[in-house]
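Trainee: can't give you the sequence, but here's the structure:
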């Protein structure tokens, strides 16, 4: 978990590879409406995020039920978001990635091909 540019995808991919687990980027769970909203520079509301978080929750439950472990890169910045993801699966662990404003800003400036502008 962490803000955009904190390294969630990079660290998540490396961790999943090391553990021999699946990796999923939380962005891949967003409905098209959320992607369009973010692409236009409009921040998501909690109402926008709820279906996205529920889709991630369903994925986590299915993986757990199948006896598989995975790493998911997801902002999950609010406690309410993390509580929703944890419902029904107390075994979920969170790692909070963070960095200085300068570091995050420099990463966002260098990032290419992502739908979310650095202004968000």
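Mentor: Arrived safely. Just so we're clear, the structure is a prediction, and the values are computed from it rather than from any experiment.

Trainee: just give the nearest non-adjacent residue to residue 56, would you?
Mentor: Sequence neighbours aside, residue 29 is the residue nearest to residue 56 in space, at 5.1 Å (criterion: C-beta to C-beta, 6 or more residues apart in numbering). For the C-beta atoms, the positions are set from N, CA and C on the backbone; glycine is no exception.

Trainee: looking at that neighbour now. What's its pLDDT?
Mentor: On pLDDT, residue 29 comes in at 96.

Trainee: thought it was touching residue 58?
Mentor: No: the criterion here is C-beta atoms under 8 Å, and residue 29 misses it with residue 58 at 9.2 Å.

Trainee: now for those two: what residues contact both?
Mentor: The overlap between the contact sets of residue 29 and residue 58 (C-beta atoms under 8 Å, 6 or more residues apart in numbering) is empty.

Trainee: quick check: which ranges of the protein have low pLDDT?
Mentor: Scanning the chain for pLDDT under 70 picks out the ranges 88, 111-120.

Trainee: tell me which residue is most central in it.
Mentor: residue 74 (1.3 Å; C-alpha atoms, centre = their mean).

Trainee: alright, I will stop here.
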